[in-house]
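S.K.: Can you look at this prediction? I've put the sequence above it.
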Amino acid sequence: PAVNTEKPTPKGAGILVWLMCGVSFAGNLLICVLLPFMPSTIEELHPSFGSTELLNSIIMSSFPLAMLLGSPLANAVSMRYGRYILLKCGLSLSCASTLVFAYGPALGHGDALLSLLVFVGARFGQGLGHAGSNLAMFALIVDGFESMLGTVMGINEIAIGVAFTCAPIVGSLLFALGGFTVPFLTVVVAILPMLALAHVASVRNPEPPRAPVA
C-alpha cells in the first residue's frame, strides 16, 4: 500500500517549529520565573499554619502534580476534539491561571490562607494548561516531522534550556522593577502570541478529519 509521506509546507513547517519553541519557552518560563521571590512573598503573608519552606514547596509541587493528573485528560480531549483545540485551550488556561496567580494576594484580601489557596489553585491551573499545550504540540511535531524528529526535538531542547536558564534572572529583575504581578503579566504577554500562531498553524497545517468518537 502507498505510504503517505506528505510533510508540512516549508512555511507551515516553520510556523510549527516557532510555535513549538514558543510553547516550550513560555511554559518552562512559567515554571521557574517565581523561584527567586516566592519565599519572601509567602513570608509577607505571615502564615501561622506552616513554615515558608513547606508552603513554598506545596505551591511549587502543584504545577507538576497537575501535569501528572492532567495528561490523561489532555489525551482524551485531543482524541475527541483535535490537537489544535487542545493546544488553544491549554494556552488559554495557562494565561487565565497566571493572571489569577499574579493577583493572588489581592484576591486573598491579604489573608494568608486564602492567598495561599489562590496560589495553589492557580498553580494547578497553570500545570493543567501546560500539560495540554505540551501534549498537543508534541503530537503535532511528531506527525509533521517524522523524518527529522531528532533535529526538531533538539531545537525544542534549546528553547527549554534557555527558558530554565533565563527564568530566575528575568523573574528577579521584573520583581525588582515592578513587584509581584509584573513577572506573571510578562509571561502572559509571552503566551498570547502563541495563541495567534496556533490559529495560523491550524489553517496552514489542518489536521485530517477525525473519526467520530463513540
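M.R.: Yes, it's here. Numbering: from 1, shown residues only.
S.K.: Could you list the residues in contact with the host helix or strand of Met194?
M.R.: Using DSSP states H and E, Met194 sits in helix 181-204. Contacts of helix 181-204 with the rest of the structure, by CB atoms under 8 Å, 6 or more residues apart in numbering, involve 8-9, 11-12, 15-16, 18-19, 22-23, 25-26, 29-30, 33-34, 37, 84, 87-88, 91-92, 94-95, 98-99, 101-103, 133, 140, 170-171, 174-175. Placement of C-beta: from N, CA and C, glycine included.
S.K.: 6 Å instead, please
M.R.: For helix 181-204, the external contacting residues (CB atoms under 6 Å, 6 or more residues apart in numbering) are 12, 15-16, 19, 22-23, 26, 29-30, 33, 84, 87-88, 91, 94-95, 98, 101-102, 171, 174-175.
S.K.: Then stretch 32-48?
M.R.: Contacts made with stretch 32-48 from outside it, assessed by CB under 6 Å, 6+ apart, are listed as 52, 55-56, 112, 115, 164, 167-168, 171-172, 175, 180, 183.
S.K.: List the buried residues for stretch 151-161?
M.R.: By 16 or more other CB atoms under 10 Å, the buried positions in stretch 151-161 come out as 152, 156, 159-160.
S.K.: Between these, which sits nearest Gly127?
M.R.: Ile160 (16.0 Å; CB to CB).
S.K.: Check which residues of the worst-scoring helix or strand of the chain on mean pLDDT are buried.
M.R.: Among the helices and strands of the chain, helix 10-32 carries the lowest confidence by mean pLDDT, DSSP states H and E, at a mean of 87. Across helix 10-32, burial judged by 16+ other CB under 10 Å covers 12-13, 15-32.
S.K.: when you compare where it runs with where helix 181-204 runs, what's the angle?
M.R.: 160 degrees (axes from the mean of the first three to the mean of the last three CA atoms, to 10 degrees).
S.K.: quick one: buried residues of the helix or strand that comes right after helix 10-32?
M.R.: Scanning forward in sequence from helix 10-32 by DSSP H and E, the next helix or strand is helix 38-44. By neighbour count on 16+ other CB under 10 Å, the buried set for helix 38-44 is 38, 41-42.
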